[in-house]
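Chemist: sharing a model prediction with you, sequence too.
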Amino acid sequence: MNIASKAIAVTFACIVAATTAQADTPTGRFMEVGGATRAPAGHVGFCSENPSECRSQNRNAVVVKLDRERWNELLAVNAEVNRQIRPVTDVELFGVEEYWTFPSSGAGDCEEYVLEKQRVLQKRGWPKSALLITVVKDTNNSGHAVLTVRTDQGDIILDNQIEAVLPWYSTPYRFVKRQSARNPAKWAAISDHRVSTVASLSN
């Protein structure tokens, strides 16, 4: 096993150990998801233009068993998409404040990163109900989108601002809402009761 492989193996073992320990704390491995809430305007527009991406799931929502192979795949997809997309604001790219779409031009903001990671993982056989677009407040108290991957080890976050793939509670974000696991066009509020590292948070 080379140094890189050893590092990945150690990181995976730490994730499993950390999420197991976290299960006994008030925060828990999984986000506390509440009732329905309004979908982001950008996602409403995305669903209007891409209805096949937002159809309700007929099957039960599932979580993914996070073994080492799956973990390595998450790392690879996160790094690959972050490398392939050039960060550009919607105003610069589309002339509007908020527009969600697949990054066909190789550029975009956080939503384009998330949509592409979701698409790539689905093509690799990951269930759609385990890949949920999530809105957070970042360290600048600005709206930001990340991808939540629902696993048996807890909710894992793929992000373009932070290269590391982390359990949700280890990110410096305040979690606001995410897609429903059963209906990708619907959204649910998240109750984030942690003592946040984000300064001056407000809704």
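Modeler: Sure, I can see it.
Chemist: what is the neighbour count of Thr89?
Modeler: For Thr89, the number of neighbouring residues by other Cβ atoms under 10 Å comes to 11. C-beta here means a position set from N, CA and C on the backbone, and glycine is covered the same way.
Chemist: is it correct that it is in contact with Ala107?
Modeler: No - here Thr89 lies out of contact with Ala107, judged by Cβ atoms under 8 Å, at a distance of 9.7 Å.
Chemist: for the chain, give me the ranges with low pLDDT.
Modeler: Of all residues in the chain, those with pLDDT under 70 make up the ranges 1-27, 58-59, 195-203.
Chemist: at 50 instead, please
Modeler: For the chain, the stretches flagged by pLDDT under 50 are 1-10, 19-26, 197-203.
Chemist: strands of that one, start to end?
Modeler: For the chain, strands defined by DSSP state E occupy the ranges 32-37, 86-87, 107-108, 131-137, 143-151, 154-158, 166-167, 174-179, 187-191.
Chemist: using CSV, list the CA coordinates for the first one.
Modeler: These are the backbone C-alpha positions of strand 32-37, laid out as CSV (Å, rounded to 0.1, in the frame of the first residue of the first chain):
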residue,chain,number,x,y,z
GLU,A,32,-32.4,16.6,12.0
VAL,A,33,-34.8,17.1,9.2
GLY,A,34,-38.2,18.7,9.9
GLY,A,35,-41.2,19.7,7.9
ALA,A,36,-41.6,21.0,4.4
THR,A,37,-40.1,24.3,3.4
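Chemist: mind listing the residues bridging to Leu131?
Modeler: Taking DSSP bridges, one finds Val149 as the beta-bridge partners of Leu131.
Chemist: what's the closest non-adjacent residue to the most centrally placed residue in the chain?
Modeler: Central residue check for the chain by Cα atoms, centre = their mean: the C-alpha nearest the mean position is that of Leu147, 1.2 Å away. Computed as Cβ to Cβ, 6 or more residues apart in numbering, the closest residue to Leu147 that is not its neighbour in sequence is Leu158, at 4.2 Å.
Chemist: list the residues that contact the residue nearest to the centre of the chain.
Modeler: When contacts are counted by Cβ atoms under 8 Å, 6 or more residues apart in numbering, Leu147 touches Val114, Lys117, Gln118, Leu131, Leu132, Ile133, Thr134, Ile157, Leu158, Asp159.
Chemist: hmm, Ala145 and the first one touching each other?
Modeler: Translated: Val114. Yes - judged on Cβ under 8 Å, Val114 makes contact with Ala145 at a distance of 4.8 Å.
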